[in-house]
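Enquirer: Compute the structure for the input listed below.
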Amino acid sequence: QGEIPYLRLDLSRDLPLKDNSVDLVTALDVIEHLPNPGGFARELNRLLRPGGALVPEPLPLSSLPEVIPDDAARKGLDQGRLDQAGSWRYPFTRSLVNNLTEAILSASESPVDTLLIFSSNPAYTLPDGGAFRKALGKIPFLVSFSPFRDETALMCDLILPDHTYLEKMDDVAWPPGLQYALYGVSRPVVDPLYNTKHAGDVIILMAKGLGQAVGSAFPWKNYEEVLKARAKGLYEAGGGLTRFEEGQTPAWKMVNKASGSRPGYKSFDDMWKQIKEGGLWYKPSPAERNWEGLFKTPTGKFEFFSSRIELAFSRAAEKRPLQAVLKSMGVQQTGDEACMPHYEEPRLNVDRSAFPLQMVPYEMINLASDWIPNPPYLYKSLFDTQLLKDDSFAEINPKTAAKYGLKQGDLVMVKSPKGEVRVRLNLFEGAMPGMVYLPMGFGHTAYDEFLRGKGANPNDIVHGPKDPLSGYPIWWITPVKLVKV
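Expert: Numbering: from 1, shown residues only. This is a model prediction of the structure:
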């Protein structure tokens, strides 16, 4: 609103600012798009005052070559994203599978004609009451890269099985929550057991097979060359360690205490060789920081009012009234409160007298609930109150059971506005009254005889609204009722 000065700059060039003139640099979704991320990192190092803080996101990996789109690509890029992620409606979200599902189901014909599915089993794992499975049925051509016979793969027209994680090279870029920058590379520990191929190599081969226009955007021979090209940005950014010796100061302690460590490589090829051998590159944070004056706010302290949310609201309100924008986003508060942390009751649009209980899906440490299947022998660690023959259990409080005339081991249907699943009951004093707890990881209809047909999948009956700002489904408040079988 004219109160905050700003500069519009070309980040690929030297910045017209003095040395040691900046306290804090925050790079959000920037570095990976620059042609020379290493040069940009050195420029930021020049600008930061001693003790200043750089908050990067993500690592300074080199950008892939700029793609020159052909006519078909330009036509596609000119259209808005089907999931609306990054739009004025959901400005903080990178992808929204649930919105993609809605876009497909609401159209008379699917706006997607080909869908490639990597390292996931959305037909089973998405908490959407089975909506994505219905959407898959409308898409003309489906391709799965799964190495497993999972629910999604069995719905596909073509399966190009990837290696499993023990059979291929892949990278890990700065796991969330880690205090220091880390880039990891995994190595295959066994040869491929079956006739599979690295999904990255398959994409490169397919691109080259489509001709020069598409193939030129994939100039590598294999996926390892892609990882190596990306890692060059780490070398150009300067610093970073590739070894951890016994007795060395742990990386998380280097954050607060200088270690005197220096990179043990002389060239990029040497660094890449060490990353492949040791599996990691990491860079501790600066040893000392001056936190005084870090926050450029009226109080000099962290403030809960979010200027990013305010800016998103302002941009959306350029062509329509702000009240209409907030209403369309599902934000009930107005004024400053809308840009501050607050709780708003989710709107379920359901008659709660018909569904008086609330389902809470939960994960178990000995039961895989993602796309990688549960090892059959791990089922031996489950109690008879978790899986009995082919029946899984829902946990409820004894008071809830008494209210509805139910007892331990009863066979019941858990019904929601989206459907129903059959389970047995386990009465547990630790369960909150009025809640129905269902474990995630049961209810497979694919894989093998050890997993298929065992228990119920709570994702099949999830019914919930969207979070107003992110657009993600609120999947832990599904209203349900229990009906004795």
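
Enquirer: so where's the stretch 1-150 of the chain uncertain?
Expert: Counting by pLDDT under 70, the stretch 1-150 of the chain has low-confidence residues at 1-4, 28-29, 32-33, 38, 52-57.

Enquirer: so where do the strands sit in it?
Expert: Ranges of strands in the stretch 1-150 of the chain, per DSSP state E, counting those that start in this stretch, are 22-28, 48-57, 114-117, 141-144.

Enquirer: number of nearby residues for the nearest residue to S186 once chain neighbours are set aside?
Expert: Distance criterion Cβ to Cβ, 6 or more residues apart in numbering; nearest residue to S186, sequence neighbours excluded, is D170 at 5.2 Å. Placement of C-beta: from N, CA and C, glycine included. D170 has 17 neighbours, counted by other Cβ atoms under 10 Å.

Enquirer: okay but D170 is in contact with P188, surely?
Expert: No - applying Cβ atoms under 8 Å as the test, D170 and P188 come out as separate, 9.4 Å apart.

Enquirer: mean confidence score for stretch 441-457?
Expert: Stretch 441-457 carries an average pLDDT of 95.

Enquirer: That stretch: which residues count as buried?
Expert: For stretch 441-457, burial by neighbour count (16 or more other Cβ atoms under 10 Å) applies to G441, F442, G443, H444, A446, Y447, L451, K454, G455, A456, N457.

Enquirer: what's the answer for stretch 371-381, then?
Expert: Buried residues in stretch 371-381, defined by neighbour count with 16+ other Cβ under 10 Å: W371, P373, N374.

Enquirer: Let me know the pLDDT of the last one.
Expert: Among the per-residue scores, N374 shows a pLDDT of 90.

Enquirer: Just confirm it is within a strand.
Expert: No - the assignment for N374 by DSSP: H, G, I helix; E, B strand; the rest coil gives coil, which leaves it out of any strand.

Enquirer: Tell me who's in contact with Y194.
Expert: Applying Cβ atoms under 8 Å, 6 or more residues apart in numbering to Y194 gives the contacts P147, P161.

Enquirer: How many residues are close by N20?
Expert: Neighbours around N20, by other Cβ under 10 Å: 12.

Enquirer: ok, now G240?
Expert: Neighbours around G240, by other Cβ under 10 Å: 21.

Enquirer: Surely it and P263 touch.
Expert: Yes - counting by Cβ under 8 Å, G240 touches P263, with 6.0 Å between them.

Enquirer: Determine the three-state secondary structure at S353.
Expert: coil.

Enquirer: Please report phi then psi for it.
Expert: Per-residue torsions, S353: phi -70, psi -30 (degrees, to the nearest 10).

Enquirer: Please report how far it lies from P417.
Expert: 13 Å (Cβ to Cβ, to the nearest Å).

Enquirer: Between these two, which has more neighbouring residues?
Expert: The residue with more neighbours, out of S353 and P417, is P417; 17 against 7, by other Cβ under 10 Å.

Enquirer: where exactly do the helices run in the stretch 101-250 of the chain?
Expert: 122-125, 131-136, 199-209, 212-215, 223-237 (DSSP state H, counting those that start in this stretch).

Enquirer: per-residue confidence averaged over the helix or strand just after the longest one?
Expert: Right, the one you point to is helix 223-237. The helix or strand immediately downstream of helix 223-237 is helix 251-254, counting by DSSP states H and E. Mean pLDDT, computed over helix 251-254, is 71.

Enquirer: same check, this time on stretch 207-215
Expert: Mean predicted confidence for stretch 207-215 is 88.

Enquirer: tell me how far that stretch is from the chain's mean position?
Expert: Relative to the centre of its chain, stretch 207-215 is centred 30 Å away, using Cα atoms, centre = their mean, to the nearest Å.

Enquirer: And it, what's buried?
Expert: Buried residues in stretch 207-215 (16+ other Cβ under 10 Å): A207, K208, V214.

Enquirer: For that stretch, give me every contacting residue.
Expert: Residues outside stretch 207-215 that contact it (Cβ under 8 Å, 6+ apart) are D70, A217, F218.

Enquirer: Kindly supply the ChimeraX command isolating those of those residues that are buried.
Expert: Entered in ChimeraX, the line below selects the buried ones among those, by 16+ other Cβ under 10 Å:
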select :217,218
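
Enquirer: show me what contacts the residue of the chain most remote from its centre?
Expert: For the chain, the residue at maximal distance from the C-alpha centroid (Cα atoms, centre = their mean) is G405, at 41.7 Å. Each residue near G405 by Cβ under 8 Å, 6+ apart is listed here: K484.

Enquirer: for Q332, same thing?
Expert: Each residue near Q332 by Cβ under 8 Å, 6+ apart is listed here: L326, E344.

Enquirer: Next one, pLDDT for it please.
Expert: For Q332, the pLDDT comes out at 87.

Enquirer: Now do the residue farthest from the centre of the chain against F355, distance only.
Expert: Distance of G405 to F355, computed by Cβ to Cβ: 18 Å.

Enquirer: Could you name every residue contacting both of G240 and P263?
Expert: With Cβ under 8 Å, 6+ apart, G240 and P263 have common neighbours M271.

Enquirer: now do the same end-to-end measure for stretch 208-225.
Expert: One end of stretch 208-225 to the other measures 15 Å (Cα to Cα, to the nearest Å).

Enquirer: go on, stretch 462-471?
Expert: End-to-end for stretch 462-471, by Cα to Cα: 16 Å.

Enquirer: sorry, back to before: nearest to T334, of the buried residues of stretch 371-381?
Expert: T334 lies nearest to W371 out of those, by Cβ to Cβ, at 41.6 Å.

Enquirer: State the pLDDT value of that closest one.
Expert: Predicted confidence (pLDDT) for W371: 89.

Enquirer: Am I right that it is in contact with S146?
Expert: Yes - judged on Cβ under 8 Å, W371 makes contact with S146 at a distance of 7.2 Å.
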